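[1] Make a model of this:
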Amino acid sequence: MAKGIIDPSVVDHYLIFGALLGAIAWNVVTWYYGIPSSSSHALIGGIVGAAIAKAGSTDSLIGAGIWKTVAFIVISPLFGYILGSLILVVVAWVCRNKTQRRVDKWFRRLQLVSAALYSLGHGGNDAQKTVGIIWMLLIAAGVTAQGDPVPMWVVVLCYLAIGLGTLFGGWRIVKTMGQRITKLKPVGGFCAETGGAITLFLATSLGIPVSTTHTITGAIVGVGSVRRTAAVRWGIAGSIVWAWVLTIPCSALIAAGGYWLGRGLF
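    Numbering: from 1, shown residues only. Down below sits the predicted model:
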C-alpha cells in the first residue's frame, strides 16, 4: 500500500485526504444499503483517484501493483469458494454417522477457533493497509524515511481501530453475510471461516492486499452451493458482485473530487 500502488514521491497530505474521503464515502454508501463491499479496494481506488487528480495523468501509478490487486478481486472469492466447498465436503464425510444435534454441538465450539483464525487473517491483511496509508503520510511529511521501520504506535492504533470497528459496527453487513446470502449453521460457518482464513493467510504471505469481504462471501456461497444450488440467494450475490466491480472506480472518482476539495479548503 505504501509503495506498490503509486509512486511515493507524489504523496502529500492533500492526496491522502482525497484518498480517505473517497474510501470512507463509498464504505458509508454500501454500509447503508447493507452491501458487503471491500474497504481495501475502496482505499486503493481512493489512492489511485487522488493520485491521478494530482498528477493529471496515470504516470504516477504502478501498474504491476494495481493489476495484482484487481486480479485478486476474482481470485480471492474463487479461492474462498473452492476451499469452503471442499472443507464442507470433508466435514460431511467425517461426520456422516453422527447426529445433527451432536454435529451442531461440536461445531459451535469449533467455530470459535475458525472465527479466531479468520479474525487473525483479517487483521494480518486489512489492518496492514491502514498502517501503509499512515506510514505513507509520515514519509510524505518527512517524519520518517522510506527505509525506517513503521512506528509501533501506528501498528497498535490500527489494530485497536479494526478491533473496535468489528466489535461495534456493521450489523447490516452481519445480517447480509449470516442470513441473506444463505442460511448458515455452525458447521457451515466453520467451513466458510476456515476457507476464508486459509485464503487470507496465503494472500498475506504473498504481500497481496485482498478483501476479507470478497473472500468470506466466496466461501459462504461455496458452502451454500454444496448443500444445494437453491440454498444460495443468487440475486443478493449478484448485487454484491456489482458493488465489487464499482468499488475502485467509484471511490477513485470521489477521491479525485476530495483531492481538489482539500486543495481549495486547506
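[2] Was I right to think residue 17 contacts residue 257?
    No: Residue 17 is beyond contact range of residue 257, at 11.3 Å (criterion: Cβ atoms under 8 Å). Just so you know, the C-beta spots here come from the backbone N, C-alpha and C atoms, and that holds for glycine as well.
[3] Compare the two and say which is more crowded by neighbours.
    Each of residue 17 and residue 257 has its neighbours counted (other Cβ atoms under 10 Å); residue 17 has more, 21 against 16.
[4] residues in contact with the more buried one?
    Counting by Cβ atoms under 8 Å, 6 or more residues apart in numbering, residue 17 makes contact with 50, 258-259, 262, 266.
[5] could you redo the last one with a cut-off of 10 Å?
    46, 50, 137, 255, 258-259, 261-263, 265-266 (Cβ atoms under 10 Å, 6 or more residues apart in numbering).
[6] which SSE is it in?
    Per DSSP states H and E, residue 17 falls inside helix 13-32.
[7] Just the buried residues of that helix, please?
    Using 16 or more other Cβ atoms under 10 Å as the test for burial, helix 13-32 gives 14-27, 29-31.
[8] what do you get for stretch 246-262?
    Buried, per 16+ other Cβ under 10 Å, within stretch 246-262: 246-248, 250-259, 262.
[9] I'd like the distance from it to the chain centre, please.
    19 Å (Cα atoms, centre = their mean, to the nearest Å).
[10] ranges for the helices of the stretch 101-250 of the chain?
    Listed in chain order, the helices of the stretch 101-250 of the chain (DSSP state H, counting those that start in this stretch) span 152-168, 171-175, 186-205, 212-227, 234-265.
[11] For those helices, state which one has the densest average packing.
    Among the helices of the stretch 101-250 of the chain, helix 212-227 has the highest mean neighbour count (mean count of other Cβ atoms under 10 Å), at a mean of 26.
[12] can you dump the C-alpha coordinates of it into PDB?
    Provided in PDB are the C-alpha atoms of helix 212-227 (Å, rounded to 0.1, in the frame of the first residue of the first chain):
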ATOM      1  CA  THR A 212     -11.700 -10.200   3.500                       C
ATOM      2  CA  THR A 213     -15.300  -9.400   2.400                       C
ATOM      3  CA  HIS A 214     -14.700 -10.900  -1.100                       C
ATOM      4  CA  THR A 215     -13.000 -13.900   0.500                       C
ATOM      5  CA  ILE A 216     -15.700 -14.800   3.000                       C
ATOM      6  CA  THR A 217     -18.500 -14.100   0.600                       C
ATOM      7  CA  GLY A 218     -17.000 -16.600  -1.900                       C
ATOM      8  CA  ALA A 219     -16.600 -19.100   1.000                       C
ATOM      9  CA  ILE A 220     -20.200 -18.700   2.100                       C
ATOM     10  CA  VAL A 221     -21.500 -19.100  -1.400                       C
ATOM     11  CA  GLY A 222     -19.400 -22.300  -1.700                       C
ATOM     12  CA  VAL A 223     -20.800 -23.700   1.500                       C
ATOM     13  CA  GLY A 224     -24.400 -22.900   0.400                       C
ATOM     14  CA  SER A 225     -23.800 -24.400  -3.100                       C
ATOM     15  CA  VAL A 226     -22.600 -27.700  -1.600                       C
ATOM     16  CA  ARG A 227     -25.900 -28.100   0.200                       C
END
